[in-house]
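**Q** from the sequence below, what's the structure:
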Amino acid sequence: MGIIYNTSMNPSKNELLAKWLVTQDFYDGQGAPDLQDVGGFRLEDPAGEVGMELRLVADRADRSEVIYHVPFSYRAEALEDAEAYLVGTSDHGILGLRYIYDATGDPVFTAQLNELLAGRAVPQHQNNSFEEDSNVRVLGNGVSGTLEVIRRPVAGEVTGQGVVGSWENALGQPLSGLVLRIA
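**A** Numbering: from 1, shown residues only. Sure thing, here's the model as predicted:
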């Protein structure tokens, strides 16, 4: 899954995300969001079957520019007993039909988060094939616990243990903050 394909998805990831996001209790907007990709990273499935992307998007529908963190998992077939996590399906220009899930309900994603926390998984660049993302930092490497997704990360000084991600603001300036915390 280390290959990033230069192709389209129909509907696009952001089109699916916009419809799904407004149904979530952590959504803070008024009406339809205007989403822009601003950061994120990927995790690799050792079996090479499940794509995993931790997406950071800005809602630019108003001036508040709230950042949302939504991990996606991509599968060729539906994940059994995971209907509650299904964001939608999309036709990938090369791989065909993909089932896209809020990855918090995907056991492969959960396993790879544990591997990341233990220092055995390496965060991958969101847009470049076979490239590590050096902007992602694990605080508390080797510590056991459950990583909890921070759905609305905030840039600034990080306290506690978890995973620090990075994104850009509307001016293109780099920001970082905790995107996963040890619960």
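**Q** from here on, contacts and neighbour counts on C-alpha atoms
**A** OK.
**Q** looks to me like Val138 is in a strand.
**A** Yes. In this structure, Val138 lies within a strand as judged by DSSP: H, G, I helix; E, B strand; the rest coil.
**Q** mind saving the C-alpha coords of stretch 110-119 as CSV?
**A** What follows is the C-alpha trace of stretch 110-119 in CSV, where atoms were taken according to Å, rounded to 0.1, in the frame of the first residue of the first chain:
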residue,chain,number,x,y,z
THR,A,110,-6.3,0.0,15.5
ALA,A,111,-3.5,-2.6,15.2
GLN,A,112,-1.3,-0.2,13.3
LEU,A,113,-1.9,2.6,15.8
ASN,A,114,-0.6,0.3,18.5
GLU,A,115,2.4,-0.5,16.3
LEU,A,116,3.0,3.2,15.9
LEU,A,117,2.9,3.8,19.6
ALA,A,118,5.3,0.9,20.2
GLY,A,119,7.7,2.3,17.7
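**Q** in that stretch, what's buried?
**A** For stretch 110-119, the neighbour count (16 or more other C-alpha atoms under 10 Å) marks 110, 112-114, 116-118 as buried.
**Q** in this protein, which ranges drop under the pLDDT threshold?
**A** 1-2, 93, 141-143 (pLDDT under 70).
**Q** quick one: the helices in it?
**A** Secondary structure of the chain (DSSP state H): helices located at 13-21, 107-117.
**Q** who wins for proximity to Leu97 among those helices?
**A** helix 13-21 (12.9 Å; C-alpha to C-alpha).
**Q** please identify the buried residues of the closest one?
**A** Within helix 13-21, the residues that qualify as buried are 13-18, 21, counting by 16+ other C-alpha under 10 Å.
**Q** and which of those residues is nearest Ala61?
**A** Comparing those against Ala61 with C-alpha to C-alpha picks out Ala18 as the nearest, at 11.2 Å.
**Q** that concludes my questions; thank you for your assistance.
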